[in-house]
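Asker: What shape does this take:
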Amino acid sequence: MERQRLDKWLWHARVVKARTSAAALVEGGHVRVNGVREKAPGHAVKAGDVLTIALDRGVRVLKVTGFSERRGDAPAARVLYEDLQPPGLPKPPE
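Answerer: Just a heads-up that it's a prediction; the model follows:
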């Protein structure tokens with residue numbers, strides 16, 4: 001798999017609890033892909049893309065490193081991204 005829908009990737013990476021929540025997050029303009037605001041949940045992300053996600057408790061900066069066919073547990077989700085959170089900023093609880 002080379003690409004995956006943005007909403008599906010956010011759900012598989014356990015950024016949100018439900019795929020509908022992922023779609024709402026994207027449609028609300030809270031996700032940037034490589035610095036560009038994305039409002040289409042079906043936008044395809046590829047390995048190497050940097051996602052900036054505004055959540056309730058802060059901002060997460062994640063680099064896409066892989067994809068999954070289905071949603072797994074937390075350790076499986078952590079291999080799908082590299083956390084690029086700048087030092088000094090608090091990380092939101094997972």
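Asker: Could I get the buried residue list for the longest helix seen in the chain?
Answerer: Using DSSP state H to define each element, the chain has its longest helix at helix 19-27. For helix 19-27, the neighbour count (16 or more other C-beta atoms under 10 Å) marks Arg19, Ala22, Ala23, Leu25, Val26 as buried. Placement of C-beta: from N, CA and C, glycine included.
Asker: which one among those residues gets closest to Trp9?
Answerer: Ala22 (8.2 Å; C-beta to C-beta).
Asker: just checking, that closest one touches Glu38?
Answerer: No - using C-beta atoms under 8 Å, Ala22 is not in contact with Glu38, being 11.8 Å away.
Asker: Could you name every residue contacting both of these two?
Answerer: Residues touching both Ala22 and Glu38 (C-beta atoms under 8 Å, 6 or more residues apart in numbering): Leu6.
Asker: For the longest helix of the chain, the averaged confidence score.
Answerer: What helix 19-27 shows for mean pLDDT is 95.
Asker: any idea which helix or strand comes after that helix?
Answerer: Using DSSP states H and E, the helix or strand that directly follows helix 19-27 along the chain is strand 31-33.
Asker: Let me know the average pLDDT across that following strand.
Answerer: 97.
Asker: Give me the residue ranges of the chain where confidence is low.
Answerer: Along the chain, the model assigns pLDDT under 70 to residues 86-94.
Asker: Go again with 80.
Answerer: Counting by pLDDT under 80, the chain contains low-confidence ranges at 85-94.
Asker: Tell me which stretches of it form strands.
Answerer: 3-5, 31-33, 36-37, 44-46, 50-55, 58-64, 81-83 (DSSP state E).
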